[in-house]
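Novice: Any chance you could fold what I've pasted below:
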Amino acid sequence: MRFKLLLLISLTVLLGACHSVKLPTILPDSPPPKTLADAKKQLQQATPCCTSFADFSYQTPLPWRPQQFTLGSGPVAAINGVHSYFLSFVLPNDVKLPYKIGVKSEINGRSVMRSSYLFAPTVVVLDDAFQPIDSQDVKLCEYMGWTNSDSGAFGSVQVSDKRARYVVVYSSSKQQSSNTYWEQSASTFSTASSTTPTAVSTGGSYKIAHGPDGVVWVGMMDRKYDEAVSKAVCGKPPQGDGVLHSLRTDLPRITWSSL
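Specialist: Predicted coordinates:
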């Protein structure tokens, strides 16, 4: 009898304990990264705030060195028949002409080869009446530094007109439908970390599509950006005839019969 009573008490305690145990909550999978198609759809569904350069707000001075801006959640303009996110700045009035504006775009996406794109800027220089003086689709060229902060697609625009007062950065229809040459090798690095470079083991070259949003750096050209632009890769180098052929051409007096 005593044994049965102890058994009954034990079962009651166990059942109570099981009843109080909470099952682990199954969390939904994290949402996948935004694709280029998603970004384009989001942009097209946005209601434009501005339809001319005179509608923009020009309260922010152009940074004295390139600064980071994220496009994709701010206002949208409808300029020259295309929707685009944009940035607008007041140009410095105490800088000797000509000077350069440096830009850099970072890749969106986890893989360079798949589902990646970048914002390709169009830079428009305006006079004091907000009329365009110059408009350029910036040619972006790849430069890989040791970290994400000094790697990306670089370009620049020169300001040489004394009437220049404002500048707008947006992405034209031509830019949004184009792409940028990108080259990967074992000596380049991925964009997975902003502080620690990760070596890429695969080689090859790719075309990175242009998209409507992303991270872009804009500001007065500094030495670091100037060096990146001068060393950047803009496309596949032409195929040569080999080192021997070049040496024969450059040093014609040497006897090559023994080579």
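Novice: what sits up against stretch 66-78?
Specialist: The contact list for stretch 66-78 (Cβ atoms under 8 Å, 6 or more residues apart in numbering) reads 39, 42-43, 46-51, 55-56, 83-87, 102-104, 119, 170, 212-222, 225. Any C-beta I mention is one placed from the backbone N, CA and C, and that applies to glycine too.
Novice: before we move on, which element is Tyr181 in?
Specialist: Using DSSP states H and E, Tyr181 sits within strand 179-184.
Novice: Using CSV, write out every CA atom in the helix or strand just after that strand.
Specialist: Per DSSP H and E, the first helix or strand lying C-terminal to strand 179-184 is strand 204-211. Only the C-alpha atoms of strand 204-211 are listed here, as CSV (Å, rounded to 0.1, in the frame of the first residue of the first chain):
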residue,chain,number,x,y,z
GLY,A,204,37.4,35.3,-63.0
SER,A,205,35.6,38.4,-64.2
TYR,A,206,32.0,39.4,-64.0
LYS,A,207,29.5,42.0,-64.9
ILE,A,208,27.9,43.6,-61.8
ALA,A,209,24.4,44.9,-62.7
HIS,A,210,23.5,48.4,-61.8
GLY,A,211,20.5,48.9,-59.4
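Novice: which regions of the stretch 1-150 of the chain lie under the pLDDT threshold?
Specialist: Low-confidence segments of the stretch 1-150 of the chain (pLDDT under 70): 1-33, 109-114.
Novice: could you pull out the strands for it?
Specialist: Per DSSP state E, counting those that start in this stretch, the stretch 1-150 of the chain carries strands over the ranges 67-71, 76-79, 82-85, 87-90, 99-105, 117-119, 122-126, 132-137, 141-143.
Novice: if we can go back for a sec, what are the buried residues along the strand holding Tyr181?
Specialist: By 16 or more other Cβ atoms under 10 Å, the buried positions in strand 179-184 come out as 180-184.
Novice: Same list (the residues you listed) but as JSON lines, adding pLDDT.
Specialist: Shown next, in JSON lines, are those (pLDDT from 0 to 100):
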{"residue": "Thr180", "pLDDT": "95"}
{"residue": "Tyr181", "pLDDT": "94"}
{"residue": "Trp182", "pLDDT": "90"}
{"residue": "Glu183", "pLDDT": "85"}
{"residue": "Gln184", "pLDDT": "67"}
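Novice: quick one on the thing from earlier: tell me which of the strands of the stretch 1-150 of the chain is the most buried.
Specialist: strand 117-119 (a mean of 26; mean count of other Cβ atoms under 10 Å).
Novice: So which other helices or strands are in contact with it?
Specialist: Judged by 3 or more Cβ pairs under 8 Å, 6 or more residues apart in numbering; DSSP states H and E, the packing partners of strand 117-119 are strand 204-211, strand 214-220.
Novice: for these, which one sits closest to Val157?
Specialist: For Val157, the closest of the helices and strands packed on strand 117-119 is strand 214-220, at 9.9 Å, according to Cβ to Cβ.
Novice: Just want the angle from the closest one to strand 67-71.
Specialist: Computed by axes from the mean of the first three to the mean of the last three Cα atoms, to 10 degrees, the angle separating strand 214-220 from strand 67-71 equals 140 degrees.
Novice: quick one: average confidence on the next helix or strand after strand 214-220?
Specialist: From strand 214-220 onward toward the C-terminus, using DSSP H and E, the following helix or strand is helix 223-231. Averaging pLDDT along helix 223-231 yields 94.
Novice: ok so, going back, pull up the pairing partners for the strand holding Tyr181, direction included.
Specialist: Looking at strand 179-184 with DSSP bridges, its partner strands are strand 204-211 (antiparallel).
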